[in-house]
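> Model the following, please.
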Amino acid sequence: MNLVSIRIITADIKRLVHFFEKATGVTAKWSTDDFAELITSSFTLAIGSTRTLAFFGEGVAQPAANKSIIIEFLVENVDDDYRRIKVLTTDVVQKPTTMPWGNRSLLFRDPDGNLINFFTPVSAEAIKKFF
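As a prediction, this is how the structure comes out:
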């Protein structure tokens, strides 16, 4: 089994896709006006408008209501990315900080309030785990 994507449901798909394009440097592939994907070599971040929920049934998901998931991106240099992210959002939860498990981590929220983690392994053990 392989986890291949996470989908975020939003009431403002254009705003959220634009944010993630700027944050990640990845251009979204739009399938319809209500569905876009940011595709990387290892993972896809899918973004769907609330109109896509009609296919799943009433009350299945609620946009901008997440308080339990962190979407994590392995980045080359979290300190370099921080300079770009702090221009995109004022909602930086944690500036780049080296965590006890060996990753340097930047936590921020996207425009819908979803928690995003950009991290770079910096300890020998963390580097070994990811590279």
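
> In the chain, what residue spans correspond to strands?
5-10, 29-32, 35-39, 44-49, 70-74, 92-98, 103-109, 115-121 (DSSP state E).

> by contact count, what packs against the fourth one?
By that I understand strand 44-49. Packing contacts for strand 44-49, counted by 3 or more Cβ pairs under 8 Å, 6 or more residues apart in numbering; DSSP states H and E, involve strand 5-10, helix 13-24, strand 35-39. C-beta coordinates here come from the backbone N, C-alpha and C atoms, glycine included.

> wait, what's in contact with Lys86?
Taking Cβ atoms under 8 Å, 6 or more residues apart in numbering as the contact definition, Lys86 lies against Val92.

> Now the strands of the chain in a markdown table, please, with extra columns for mean pLDDT and distance to Asp81.
Shown next, in a markdown table, are the strands of the chain (pLDDT from 0 to 100; distance: least, Cβ to Cβ, whole Å):
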| stretch | mean pLDDT | distance to Asp81 |
| --- | --- | --- |
| strand 5-10 | 95 | 19 |
| strand 29-32 | 98 | 22 |
| strand 35-39 | 98 | 15 |
| strand 44-49 | 96 | 16 |
| strand 70-74 | 96 | 9 |
| strand 92-98 | 98 | 8 |
| strand 103-109 | 97 | 7 |
| strand 115-121 | 97 | 5 |
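
> between the ones you listed, which one is nearest to Val60?
strand 5-10 (8.7 Å; Cβ to Cβ).

> Show me how the chain divides into domains.
Domains of the chain are assigned by automatic domain parsing as 1-58, 69-131.

> so how far is Phe131 from Pro121?
Between Pro121 and Phe131 the computed distance is 7 Å (Cβ to Cβ, to the nearest Å).

> Cool, thanks, signing off.
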